[in-house]
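> got a predicted structure plus its sequence, pasted below:
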Amino acid sequence: MANELLKVKNLKTYFKTEAGIAKAVDGVDFDILPGEVLGIVGESGSGKSVTSLSIMQLIPNPPGEIVEGNIIFEGTDLLEAYRRKDYDVIRKIRGNKISMIFQEPMTSLNPVFTIGDQVAESLVHHKGMTPKEARDYAVKMLELVGIPSARERIDEYPHQFSGGMRQRVMIAMALSCDPSLLIADEPTTALDVTIQAQILELMLEVKAKTSNAAILLITHDMAVIAETCHRVVVMYCGRIQEIADVKTIFHSPQHPYTQGLLASLPKPGQKVRRLSTIEGMVPSLFNLPKGCSFCTRCSKKHEPCENVPPEMVETAPGHFVRCHLAKPMQSV
Amino acid sequence: MTEAKADRKNLLEVNDLKMYFPVYGGVFRSHVADVKAIDGVSFTLREGETLGLVGESGCGKSTTGKCIINLNRPTDGHILFHTQKDAAAGYKITDVKPKPVDIAKLNNDQMRPYRSEIQMIFQDPYASLNPRMTVSDIIMEPLSIHMPELSKSQMLEKVGWLMEKVGLSAEQATRYPHEFSGGQRQRIGIARALATNPRLVIADEPVSALDVSIQAQVINLMQDLQEEFGLTYIFIAHDLAVVEHISDRIAVMYLGNIVELAEAETLFKTPLHPYTRALMSAIPHPDPNVKKEKRIVLEGDVPSPMKKPSGCGFRTRCPIARNECAIEPPPMLEVEPDHFVACPYYATQDKN
């Protein structure tokens, strides 16, 4: 497809440490269509956050480095610009066309600036508004995300807001420049269930009301994925294991890891006596198996798994699986 | 819950438990207010069952757990624990049925003999193990306090046995916590809790810090151990799907009070309290095909426990609140056998 909003090609982000090179993201390919909600799901250390930080070029260097790949956003290759050291390209896009919501609403707002200052900052930088205009616009954005009496509260500091409120402020900041891509890295993990429901609803609602931004939602919570996303990317040990639309992922997953992950979830309203589990644990990034990274825990492991890394196979239109057992779809 | 479990004896009775943390302010640091972390909580716990405590942050679920193991001394109320140890017989386990002790009234020294019967599993497996102690030191510590009659080799033997019980190998006993992953550390924490042969284990968010695939392993382990040793659990968590899976009965807390208490299945099928209903409808379901009934989104945030609303604590966000709710706290009503609701107006809710 030619009209994708963001295309990530063979992205490799490595961290050089004393213990060796950690291949946090090792060859990731996916794309996001305009207006789409794409979920990336995976356990800790699977590389989902590093992928999003790589897109924003927020990887701390050293120790981290994007060693290979292309990130093409609306036709511009951000990584190519990065390699030419043309940092203006990303600076114009970051916080403007691509914005981000972080996990910890407690730590991602600056405690010494007022809420209003922080929401208005990107408007002044990117939209060239005067501080007065930006402030009025910030009030409008805060009202949009449901902050009561926004005009009075705009001069308050982050500590005067509750967790859910701060996450609303983050959303207001992220959406104030009408981005075409919103990256949300575990936006509701630190929040309570009822507040989580509010925030997810709000994200989708505000997205519909404003520029219909595409959302890249990163989470470890399969249930959140099921409720919000159109397509899902499943990551494990720095590689994508499966991509499909949300119904396919939940109803006919092909990769043994996806299958195991779904089976190990307790499902509300369906009591089972025992949960099924994935045996063992995630291998260390310094000591990944030679072949398939899941082979140490896979229940369907067979001959080539240990030595030959599996390729991505398209088993049905739009359904990609990285497994030796996956059968490619019949070419017509 | 099976019939057999319903008939079991009570192990713990909590009566009108209150835990207020004083707040000092002003020039003279005078007592200006109280944080009412728990404000009149009552429930009974039967032998061998798992009681889930759920609620959002700040609702008092962890404080309740801490009061039961006597880490917080309650402001008021009673926690009757049916111990097997007898003070008259020098806290030895006796055949004579000893009187229940009121944990809420004990000081540290008086509590110590009973600590071996009530143990705790903590939330963060990274913070709850001393990084300078080896695994065998960690698991042996409660043994050397509560079972000083054991010789060193007997203790080591027991450590090895416990480690195998929780799915680790006895050879790993000489290692340090940093050499283990999160799930394995939680297993070490469980082995430490089981070392003194407890009867009641309070698990405070034991799986929330773990990855999904590891979470299922630890939950299964806890269930296996419960069966094998006849343990009673108080399982504190905010993840409702996990709590439903492991619990026989569930108590839902809001702002320091239990608002609803019922068997797990009943609670999920027919929640009655308006807060429980909102909480249930907010759970994301891991299946995109499940058609959600209209989600009840609560307005606003939980009020501060320092400035609790008068009467019912939930009335500021309640969709069916009326003027009467502000007058006095709602009584706990038993609407069906074993189904308690703290809301006199639950029947007036829209059934959809």
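Great, that's in hand.

> looking at the chain, which helix is longest?
Since you didn't name a chain, this refers to chain A. helix A:193-209 (DSSP state H).

> was after chain B, sorry
Max-length helix for chain B by DSSP H is helix B:212-229.

> so it, near chain A or not?
Yes - Helix B:212-229 comes into contact with chain A (Cβ under 8 Å from any Cβ of the partner chain), by way of B:V212, B:S213, B:I214, B:Q215, B:A216, B:Q217, B:I219, B:N220, B:Q223. From N, CA and C alone the C-beta is placed, and that goes for glycine too.

> ok, and what's touching that helix?
A:43, A:220, A:222, A:260-261, A:264-266, A:274-279, A:281, B:48, B:50, B:165-167, B:181-183, B:186-187, B:190, B:194, B:197, B:203, B:206-207, B:210, B:231, B:233, B:242, B:245-246 (Cβ atoms under 8 Å, 6 or more residues apart in numbering or on different chains).

> can you check stretch A:89-101 too?
With contacts defined as Cβ under 8 Å, 6+ apart, stretch A:89-101 is touched by A:6, A:52, A:55-57, A:73-74, A:76, A:78, A:81-82, A:122, A:125-126, A:167, A:170-171, A:173-175, A:177, A:179-185, A:187.

> next SSE after the least confident helix or strand in chain B by mean pLDDT?
Of all helical and strand segments in chain B, the minimum by mean pLDDT, DSSP states H and E falls on helix B:3-6, at a mean of 53. Moving toward the C-terminus from helix B:3-6, the next helix or strand (DSSP states H and E) is strand B:10-25.

> for chain A, what are the nearby residues on the stretch 101-250 of chain B?
B:181, B:183-184, B:211-217, B:219-220, B:223, B:238, B:240-242, B:244-245.

> which parts of chain A are helices?
Under DSSP H, chain A gives helices at A:48-56, A:78-83, A:87-93, A:115-127, A:131-144, A:150-153, A:163-175, A:193-209, A:222-228, A:246-251, A:256-263.

> any chance of TSV for those helices, columns mean pLDDT?
Output for the helices of chain A, formatted as TSV (pLDDT from 0 to 100):
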stretch	mean pLDDT
helix A:48-56	90
helix A:78-83	88
helix A:87-93	87
helix A:115-127	90
helix A:131-144	90
helix A:150-153	86
helix A:163-175	86
helix A:193-209	83
helix A:222-228	89
helix A:246-251	92
helix A:256-263	91
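
> among those, which is nearest B:S42?
B:S42 lies closest, by Cβ to Cβ, to one member of those: helix A:193-209, at 24.5 Å.

> report the inter-axis angle for that closest one versus helix A:131-144.
On the basis of axes from the mean of the first three to the mean of the last three Cα atoms, to 10 degrees, helix A:193-209 is oriented at 120 degrees to helix A:131-144.

> buried ones in helix A:193-209?
A:193-203, A:206-207 (16 or more other Cβ atoms under 10 Å in any protein chain shown).

> which elements pack onto it?
Contacts defined by 3 or more Cβ pairs under 8 Å, 6 or more residues apart in numbering or on different chains; DSSP states H and E place helix A:193-209 against helix A:163-175, strand A:181-185, helix A:222-228, helix B:274-282.

> try 10 Å this time
Judged by 3 or more Cβ pairs under 10 Å, 6 or more residues apart in numbering or on different chains; DSSP states H and E, the packing partners of helix A:193-209 are strand A:37-41, helix A:131-144, helix A:163-175, strand A:181-185, strand A:214-219, helix A:222-228, helix B:274-282.

> which stretch among those comes nearest B:A326?
Of all the helices and strands packed on helix A:193-209, it is helix B:274-282 that lies closest to B:A326, at 15.4 Å by Cβ to Cβ.

> run the contact check for the closest one versus chain A.
Yes - contact of helix B:274-282 with chain A (Cβ under 10 Å from any Cβ of the partner chain) involves B:Y275, B:A278, B:L279, B:M280, B:S281, B:A282.

> just those residues now: which is nearest chain A?
Using Cβ to the nearest Cβ, B:A282 comes nearest to chain A of those, at 3.8 Å.

> quick one, what contacts the nearest residue to the closest one once chain neighbours are set aside?
Excluding its sequence neighbours, the residue lying closest to B:A282 (Cβ to Cβ, 6 or more residues apart in numbering or on different chains) is A:A197, at 3.8 Å. Counting by Cβ atoms under 10 Å, 6 or more residues apart in numbering or on different chains, A:A197 touches A:188, A:191, A:227, B:278-279, B:281-284, B:295-298.

> over to A:I59?
Going by Cβ under 10 Å, 6+ apart, A:I59 touches A:T13, A:Y14, A:F15, A:A24, A:V25, A:V50, A:L53, A:E65, A:I66.
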